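>>> Predicted model follows, preceded by the sequence.
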Amino acid sequence: MSDQTMTLDKLYQSMMQNGNLRTTGQASRITFAVLRTLGFNLSRSVKGELAKALPDEFGRELKRGWRLVNIRHRNMTIETFAKDVARNSGNTDVQVGITKTRLVFHYIKALIDDDISRKVARDLSPEVRDLWNAA
(Lines give C-alpha, C1' and ligand atoms only; values in the text may rest on other atoms or scores of the structure.)
Protein backbone atom coordinates (compact mmCIF):
# COMPACT_ATOMS: atom_id res chain seq x y z
CA MET A 1 0.00 0.00 0.00
CA SER A 2 1.43 3.41 -0.93
CA ASP A 3 2.00 6.24 1.52
CA GLN A 4 -0.69 8.25 -0.22
CA THR A 5 -3.22 5.44 0.29
CA MET A 6 -2.30 5.29 3.97
CA THR A 7 -2.69 9.05 4.23
CA LEU A 8 -6.12 8.94 2.57
CA ASP A 9 -7.19 6.11 4.86
CA LYS A 10 -6.16 8.17 7.89
CA LEU A 11 -7.96 11.19 6.48
CA TYR A 12 -11.16 9.18 5.95
CA GLN A 13 -10.87 7.73 9.47
CA SER A 14 -10.55 11.24 10.89
CA MET A 15 -13.50 12.46 8.81
CA MET A 16 -15.53 9.49 9.96
CA GLN A 17 -14.90 10.31 13.61
CA ASN A 18 -15.28 14.09 13.37
CA GLY A 19 -18.20 14.06 10.96
CA ASN A 20 -20.28 11.35 12.62
CA LEU A 21 -20.01 9.13 9.55
CA ARG A 22 -20.54 5.38 9.78
CA THR A 23 -17.84 4.12 7.42
CA THR A 24 -14.76 5.29 5.57
CA GLY A 25 -16.69 4.49 2.38
CA GLN A 26 -19.25 7.12 3.33
CA ALA A 27 -16.43 9.60 4.00
CA SER A 28 -14.97 8.81 0.58
CA ARG A 29 -18.33 9.18 -1.17
CA ILE A 30 -18.99 12.56 0.46
CA THR A 31 -15.47 13.78 -0.29
CA PHE A 32 -15.82 12.90 -3.95
CA ALA A 33 -19.27 14.53 -4.11
CA VAL A 34 -17.89 17.79 -2.69
CA LEU A 35 -14.85 17.68 -4.99
CA ARG A 36 -17.00 17.04 -8.04
CA THR A 37 -19.38 19.88 -7.16
CA LEU A 38 -16.47 22.18 -6.34
CA GLY A 39 -14.87 21.33 -9.69
CA PHE A 40 -17.95 22.53 -11.55
CA ASN A 41 -17.78 25.87 -9.74
CA LEU A 42 -14.12 26.79 -10.16
CA SER A 43 -12.36 28.36 -13.11
CA ARG A 44 -10.08 26.07 -15.11
CA SER A 45 -6.87 27.69 -13.80
CA VAL A 46 -7.83 27.53 -10.11
CA LYS A 47 -9.19 24.01 -10.52
CA GLY A 48 -5.88 22.93 -12.06
CA GLU A 49 -3.82 24.49 -9.25
CA LEU A 50 -6.02 22.91 -6.61
CA ALA A 51 -5.88 19.51 -8.33
CA LYS A 52 -2.07 19.61 -8.36
CA ALA A 53 -1.97 20.47 -4.65
CA LEU A 54 -4.32 17.65 -3.64
CA PRO A 55 -3.52 13.93 -3.54
CA ASP A 56 -3.79 12.36 -7.01
CA GLU A 57 -7.07 10.61 -6.27
CA PHE A 58 -8.66 13.87 -5.12
CA GLY A 59 -7.23 15.84 -8.04
CA ARG A 60 -8.68 13.36 -10.55
CA GLU A 61 -12.09 13.56 -8.90
CA LEU A 62 -12.00 17.36 -8.88
CA LYS A 63 -11.44 17.42 -12.65
CA ARG A 64 -13.50 14.32 -13.47
CA GLY A 65 -17.02 15.54 -14.14
CA TRP A 66 -18.40 17.27 -17.17
CA ARG A 67 -21.68 18.81 -18.15
CA LEU A 68 -23.00 19.45 -21.59
CA VAL A 69 -23.11 23.14 -20.79
CA ASN A 70 -20.96 24.07 -17.82
CA ILE A 71 -21.92 27.55 -16.71
CA ARG A 72 -20.37 28.68 -13.45
CA HIS A 73 -22.90 30.28 -11.16
CA ARG A 74 -21.19 33.34 -9.71
CA ASN A 75 -24.06 33.88 -7.25
CA MET A 76 -24.73 30.26 -6.31
CA THR A 77 -26.37 29.89 -2.92
CA ILE A 78 -25.00 27.47 -0.38
CA GLU A 79 -28.29 25.57 -0.56
CA THR A 80 -27.84 24.97 -4.29
CA PHE A 81 -24.23 23.87 -3.78
CA ALA A 82 -25.25 21.57 -0.91
CA LYS A 83 -28.11 20.14 -2.96
CA ASP A 84 -25.61 19.17 -5.68
CA VAL A 85 -23.32 17.63 -3.06
CA ALA A 86 -26.20 15.71 -1.52
CA ARG A 87 -27.35 14.47 -4.92
CA ASN A 88 -23.82 13.33 -5.85
CA SER A 89 -23.39 11.49 -2.54
CA GLY A 90 -26.72 9.67 -2.60
CA ASN A 91 -28.47 11.91 -0.08
CA THR A 92 -31.40 14.30 -0.34
CA ASP A 93 -31.14 16.48 2.75
CA VAL A 94 -29.70 19.93 2.07
CA GLN A 95 -28.71 20.46 5.72
CA VAL A 96 -26.68 17.25 5.65
CA GLY A 97 -25.09 18.51 2.43
CA ILE A 98 -24.08 21.78 4.11
CA THR A 99 -22.66 20.03 7.16
CA LYS A 100 -20.70 17.51 5.12
CA THR A 101 -19.47 20.19 2.72
CA ARG A 102 -18.08 22.16 5.67
CA LEU A 103 -16.36 18.99 6.91
CA VAL A 104 -14.76 18.21 3.55
CA PHE A 105 -13.74 21.85 3.00
CA HIS A 106 -11.94 21.73 6.36
CA TYR A 107 -9.93 18.66 5.34
CA ILE A 108 -9.19 19.98 1.84
CA LYS A 109 -7.87 23.22 3.31
CA ALA A 110 -5.62 21.21 5.64
CA LEU A 111 -4.01 19.58 2.58
CA ILE A 112 -3.27 22.78 0.63
CA ASP A 113 -1.33 25.95 1.29
CA ASP A 114 -2.90 29.30 2.17
CA ASP A 115 -2.22 30.85 -1.24
CA ILE A 116 -4.26 28.22 -3.09
CA SER A 117 -6.95 28.42 -0.42
CA ARG A 118 -7.28 32.17 -1.03
CA LYS A 119 -7.47 31.62 -4.81
CA VAL A 120 -10.24 29.05 -4.36
CA ALA A 121 -12.12 31.41 -2.05
CA ARG A 122 -11.90 34.28 -4.56
CA ASP A 123 -13.20 32.01 -7.32
CA LEU A 124 -16.33 30.84 -5.46
CA SER A 125 -19.69 32.55 -5.15
CA PRO A 126 -20.08 34.71 -2.02
CA GLU A 127 -22.16 32.21 0.01
CA VAL A 128 -19.98 29.22 -0.87
CA ARG A 129 -16.89 31.38 -0.20
CA ASP A 130 -18.18 32.12 3.30
CA LEU A 131 -18.55 28.39 3.98
CA TRP A 132 -15.06 27.74 2.56
CA ASN A 133 -13.54 30.45 4.75
CA ALA A 134 -15.39 29.24 7.85
CA ALA A 135 -14.19 25.65 7.42
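Ah, there it is. Numbers count the residues shown, from 1 in each chain.
>>> can you list the residues that contact the lowest-mean-pLDDT helix or strand in the chain?
Of all helical and strand segments in the chain, the minimum by mean pLDDT, DSSP states H and E falls on helix 3-18, at a mean of 76. Residues from elsewhere that reach helix 3-18 (C-beta atoms under 8 Å, 6 or more residues apart in numbering): 21-24, 26-28, 30-31, 55-57, 103-104, 107. Placement of C-beta: from N, CA and C, glycine included.
>>> Mind checking which of the residues you listed are in helices?
Members of those lying in helices (criterion: DSSP state H): Thr24, Gln26, Ala27, Ser28, Ile30, Thr31, Asp56, Glu57, Leu103, Val104, Tyr107.
>>> Please list only the buried members of the residues you listed.
Buried residues within the ones in helices among the contacts of helix 3-18, counting neighbours by 16 or more other C-beta atoms under 10 Å: Thr24, Gln26, Ala27, Ser28, Ile30, Thr31, Leu103, Val104, Tyr107.
>>> Looking at those residues, which one is closest to Arg122?
Distance to Arg122 across these (C-beta to C-beta) is lowest for Val104, with 19.3 Å.
>>> Turn the buried ones among the ones in helices among the contacts of helix 3-18 into a markdown table, columns for pLDDT and distance to Met15.
A markdown table is the format used below for these (pLDDT from 0 to 100; distance: C-beta to C-beta, whole Å):
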| residue | pLDDT | distance to Met15 |
| --- | --- | --- |
| Thr24 | 86 | 8 |
| Gln26 | 88 | 9 |
| Ala27 | 89 | 4 |
| Ser28 | 90 | 9 |
| Ile30 | 91 | 8 |
| Thr31 | 93 | 7 |
| Leu103 | 93 | 6 |
| Val104 | 94 | 7 |
| Tyr107 | 92 | 6 |
